[in-house]
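Kindly generate the corresponding structure for this input.
(one chain, ligands or ions: 1)
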Amino acid sequence: MKINLYEQLATELAGLIAERIYAPGERLPSIRHLADQKRLSISTVMQALRLLEDRGLIDARPQAGYFVRHRAHQLTTVASVENPKEPLYVGITNSLMRVCQANEAPGVVQLGSAWPPDELLPTRRIQQLVGTIVRRSPELLSTVSCYGSNEPNFIRQVIRRALDWGSISGEEIVVTTSCTEALQLCLRAVTKPGDTIAIESATYFVLLQLIESMGLKALEIPTDPCIGLSVDALELALDAGLVTACLFIPNVNNPLGCVMPEANKKRVAELLSKHGIPLIEDDIYSDLHFSQHRPWPIKAYDTSGHVMMCSSFSKAVSPAARVGYVVAGRYTEQVSLLKTISSGATSPFFQAVLAEFIGTSSYDKQLRKMRRTMEERVARMSDGVATFFPSECRVSEPQGGFVLWVQLPEQVNAMALHEYAIARRVAFMPGQLFSGSGKYVNYLRLNCCNGWTPEIIRGVQRLGELVHQAADADMRKRA
Ligand SMILES: Cc1ncc(COP(=O)(O)O)c(C=O)c1O
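Predicted coordinates:
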């Protein structure tokens, strides 16, 4: 394919904008300067600048020159308060497995799964602690009890960390092999097949998968990308008697990145207590918030024990240690029994290793580093979307974590786009995987945690080109 000189120049300038060599709001070199520098004609430079203008990357200001446009437009939809829709059985697992498998092909630029990269994890320190604990307590590698398998020091550290937002008792903590296991045990403790689970819309695909695998139905509650779940909509669903249990990510929702205002969380706790409905709260991202203070979980406002708060150390310390927990309130006995039946004890050895790490200031330092880095990387990715994607795209404004939620032009089908993207070696998560009812056809989630390297920039650029092409070709009709 022949690329014109003006397109080459436009691509080069777009790259410089993406790398923030020219930051949002800054003036580009003048037309004459670019023509001299690149040995191009004035009209070629003007064509290149017009192309960048059409792509929404720069603005022409009369008498002043060309300026880099500010960030992508933010998603600002306000969640509607509507009468609850029909609860639905979920069926995303086959598509999810296909997407995950394709995303893991070698040589694919990883904008898909949201796992922190090795360079940001305290792996060296964890290795040292493994050695220390082996020498100090070798019995942890050979003995295990099916009952009471919680490591006392791990429980102590979880309680100490919870002091940031409240007080919990060791009696109500069940240690699990991950946050996912904690969520699954809680669902099993309070539901039977055919029951309805209220979820945020959009929500993390593994929650949908759990609902699907247990023969449950999902009721999607409208959720605002800025302030989270609509409490009014939840109240309507509760009043209608539709809901058996709730499964929410109130702090740093995945994929939206929003944090519910504290007053809304308190209201949710009060409503659930009034209706006697359990909430399974996924709190895994709270420590990776971007604000001054850690947002409180809904558990902090729970006076009746209806909230089961689940978390793990997979996102900030070690995805491979597989240690999580649930603060299970009034459901502790059932959850604990199900844990014993389903997988026995969680490795006492890794509980001890993690306890050693999270009990020191090293963990706070680690969290500060992750938050700072992630906030910067999310901002870079947001700029990248503004640079390379069509200007009508909208992005979330995450308040923590490391994913970006992108609304594409209406005519783009993200699942169809995914096939084209994999063929061009770029991975992402299509929006359809974040809903049980086929919503978010023209949305996608980008993983931002891998840094703004030349490889990632090329990946985002390639994906942006595909979105441009898909928008033009109306891929939705072809899907
Ligand atoms: C919201 C949310 N909950 C839970 C998990 C999984 O955590 P774990 O590895 O501890 O099972 C993830 C991982 O992506 C997540 O995004």
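
Quick check: chain neighbours aside, which residue is closest to the most centrally placed residue in the chain?
The chain has Asn254 as the residue nearest its centroid, 3.5 Å off, counting by Cα atoms, centre = their mean. Closest residue to Asn254 apart from its sequence neighbours, by Cβ to Cβ, 6 or more residues apart in numbering: Tyr204 at 4.3 Å. For glycine as for every other residue, the C-beta is placed from the backbone atoms N, C-alpha and C.

Look at that neighbour and say how many residues are nearby.
A total of 25 residues lie near Tyr204 under the criterion other Cβ atoms under 10 Å.

For it, what are phi and psi?
As for Tyr204, its main-chain torsions (degrees, to the nearest 10) stand at phi -60, psi 130.

Can you pull the phi/psi pair for the closest residue to Cys258 other than its chain neighbours?
Nearest residue to Cys258 in three dimensions, chain neighbours excluded: Gly228, at 4.6 Å (Cβ to Cβ, 6+ apart). Backbone torsions for Gly228, taken as degrees, to the nearest 10, come to phi 80, psi -160.

Kindly state the beta-bridge partners for Gly228.
On the basis of DSSP bridges, Gly228 is bridged to Asp224.

Could you point out which residue ranges in this protein have low pLDDT?
1-2, 70-72, 76-84, 146-148, 474-479 (pLDDT under 70).

What are the structural domain limits within it?
The chain breaks down by automatic domain parsing into domains covering 5-68, 73-79+108-112+366-478, 122-362.

now for those domains, which one comes closest to Met97?
Judged by Cβ to Cβ, the one of these that comes nearest to Met97 is domain 122-362, at 9.3 Å.

Between the two ends of that closest one, how far is it?
End-to-end distance for domain 122-362: 9 Å, by Cα to Cα, to the nearest Å.

so is the closest residue to Ala105 other than its chain neighbours in a helix, a strand, or just coil?
With Cβ to Cβ, 6+ apart as the criterion, Ala105 has its nearest non-adjacent residue at 6.9 Å, and that residue is Ile422. Three-state assignment for Ile422 (DSSP: H, G, I helix; E, B strand; the rest coil): helix.

Who are the contact partners of Ile422?
102-103, 105, 108 (Cβ atoms under 8 Å, 6 or more residues apart in numbering).

and if we set it to 10 Å?
99, 101-103, 105, 108, 112, 428 (Cβ atoms under 10 Å, 6 or more residues apart in numbering).

now the helix or strand Arg462 falls within, how far from the chain's geometric center?
Assigned by DSSP states H and E, Arg462 belongs to helix 454-473. Here helix 454-473 shows a centroid-to-chain-centroid distance of 21 Å under the convention Cα atoms, centre = their mean, to the nearest Å.

Could you list every helix and strand in contact with it?
Packing partners of helix 454-473 (3 or more Cβ pairs under 10 Å, 6 or more residues apart in numbering; DSSP states H and E): helix 5-18, strand 109-110, helix 361-388, helix 414-423, strand 426-427, strand 443-447, helix 475-478.

Next secondary structure element downstream of the fifth one?
This points to strand 426-427. strand 429-430.

Partner strands of that next one, with direction?
strand 443-447 (antiparallel).

Three-state assignment for Glu200, please.
strand.

meant to ask about Asn254, not that
On the basis of three-state DSSP, Asn254 is classed as coil.

do you know how far the residue nearest to Ala105 is from the ligand?
Ile422 sits at a distance of 20 Å from the ligand (criterion: Cβ to the nearest ligand atom, to the nearest Å).

gap between that residue and Val130?
37 Å (Cβ to Cβ, to the nearest Å).

what do you get for Ile42?
Taking Cβ to Cβ, one finds Ile42 at 64 Å from Val130.

now swap in Gly305 and tell me
Counting by Cβ to Cβ, the gap from Gly305 to Val130 is 36 Å.

One more: Leu52?
52 Å.

picking up where we left off before, can you tell me which of the helices and strands packed on helix 454-473 is packed in deepest?
Highest mean neighbour count among those (mean count of other Cβ atoms under 10 Å): strand 443-447, with a mean of 27.

got the angle for that strand vs helix 454-473?
Here strand 443-447 points in a direction 170 degrees away from that of helix 454-473 (axes from the mean of the first three to the mean of the last three Cα atoms, to 10 degrees).

phi, psi of Ala182?
phi -60, psi -50.

Equivalent analysis for the one 3 residues further on, please.
Its backbone dihedrals place Leu185 at phi -60, psi -40, with angles given as degrees, to the nearest 10.

do you know how far it is from Tyr204?
Taking Cβ to Cβ, one finds Leu185 at 17 Å from Tyr204.

same deal with Thr223?
Taken as Cβ to Cβ, the span from Thr223 to Tyr204 is 12 Å.

what touches both of these two?
Common neighbours of Thr223 and Tyr204 (Cβ under 10 Å, 6+ apart) are 249, 253.

What residues does this structure have near the ligand?
For the chain, the residues in contact with the ligand (Cβ under 6 Å from any ligand atom) are 114, 178-180, 204, 249, 254, 282, 284, 312, 314, 319, 324.

any chance of those residues in JSON lines, with distance to Ser213 and secondary structure too?
Shown next, in JSON lines, are those (distance: Cβ to Cβ, whole Å; DSSP: H, G, I helix; E, B strand; the rest coil):
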{"residue": "Ala114", "distance to Ser213": "21", "secondary structure": "coil"}
{"residue": "Ser178", "distance to Ser213": "15", "secondary structure": "coil"}
{"residue": "Cys179", "distance to Ser213": "16", "secondary structure": "helix"}
{"residue": "Thr180", "distance to Ser213": "11", "secondary structure": "helix"}
{"residue": "Tyr204", "distance to Ser213": "14", "secondary structure": "coil"}
{"residue": "Ile249", "distance to Ser213": "19", "secondary structure": "coil"}
{"residue": "Asn254", "distance to Ser213": "19", "secondary structure": "coil"}
{"residue": "Asp282", "distance to Ser213": "16", "secondary structure": "strand"}
{"residue": "Ile284", "distance to Ser213": "19", "secondary structure": "coil"}
{"residue": "Ser312", "distance to Ser213": "19", "secondary structure": "strand"}
{"residue": "Ser314", "distance to Ser213": "20", "secondary structure": "coil"}
{"residue": "Pro319", "distance to Ser213": "21", "secondary structure": "coil"}
{"residue": "Gly324", "distance to Ser213": "18", "secondary structure": "strand"}
